[in-house]
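Asks: Give me a 3D structure for the following:
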Amino acid sequence: MTPDIPARRDTASAAWFDGLSAGVLLIRRCDACDHHCRPDAMACTACESRSLRWIEAAGTARVVAGVSTPDRSGGSTVQALVELTEGPWLFAPVTGAASAPAPGTPLVLTILRPDRGEPIPAFTFPS
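Replies: Numbering: from 1, shown residues only. Below is the predicted model:
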């Protein structure tokens, strides 16, 4: 499964896409309070400090909510809102799923590398 609209980098997202290209998911951590934030955070969601740095996430998550929608091939596309082990939530594709996984289902990071655009994070079931 690859996205219909390719992801494109800009100066704010370059480090994140570089991490994905290297096989890791980067998130932001606050230097002031050590809170973990989403990759797109510009300020800490706990203390509002703008002193954030990139760190490598564990690559593990649990499903908060999932959705399965029919795709053009007659199958379905599954996506989920996941809570990373570090705490931030991301919305991402779930590979290897025929239907939306139940809340609490453990997932692990996989990285999709579409023909066009940048790599994107996705999740799959642990082996």
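Asks: I'd assumed Arg50 was in contact with Met42.
Replies: Yes. Taking Cβ atoms under 8 Å as the definition, Met42 is a contact partner of Arg50 at 6.9 Å. Every C-beta, even on glycine, is put in place using the N, C-alpha and C of the backbone.
Asks: Skipping adjacent residues, who's closest to Gly87 in space?
Replies: Nearest in space to Gly87, with sequence neighbours left out and distances taken as Cβ to Cβ, 6 or more residues apart in numbering, is His36 at 4.9 Å.
Asks: and the nearest residue to Gly59 once chain neighbours are set aside, which of the three is it?
Replies: Leaving aside its sequence neighbours, Gly59 sits nearest to Leu109 (Cβ to Cβ, 6+ apart; 3.6 Å). The three-state assignment at Leu109 reads strand, by DSSP: H, G, I helix; E, B strand; the rest coil.
Asks: What is the neighbour count of Leu109?
Replies: The local packing of Leu109 (other Cβ atoms under 10 Å) involves 21 other residues.
Asks: How about the contacts made by the residue nearest to Gly87?
Replies: For His36, the contact set (Cβ atoms under 8 Å, 6 or more residues apart in numbering) comprises 27-30, 55, 84, 86-88.
Asks: isn't Cys47 right next to His35, touching?
Replies: Yes. Between Cys47 and His35 there is a contact under Cβ under 8 Å: 6.8 Å.
Asks: if we can go back for a sec, so which of the contacts of His36 comes closest to Glu118?
Replies: Of all the contacts of His36, Ile27 has the smallest distance to Glu118: 16.8 Å, by Cβ to Cβ.
Asks: what's the residue lying closest to the closest one once chain neighbours are set aside sitting at in phi/psi?
Replies: Leaving out its chain neighbours, the residue that sits closest to Ile27 by Cβ to Cβ, 6+ apart is Ala57, at 4.8 Å. Dihedral pair for Ala57: phi -80, psi 160, per degrees, to the nearest 10.
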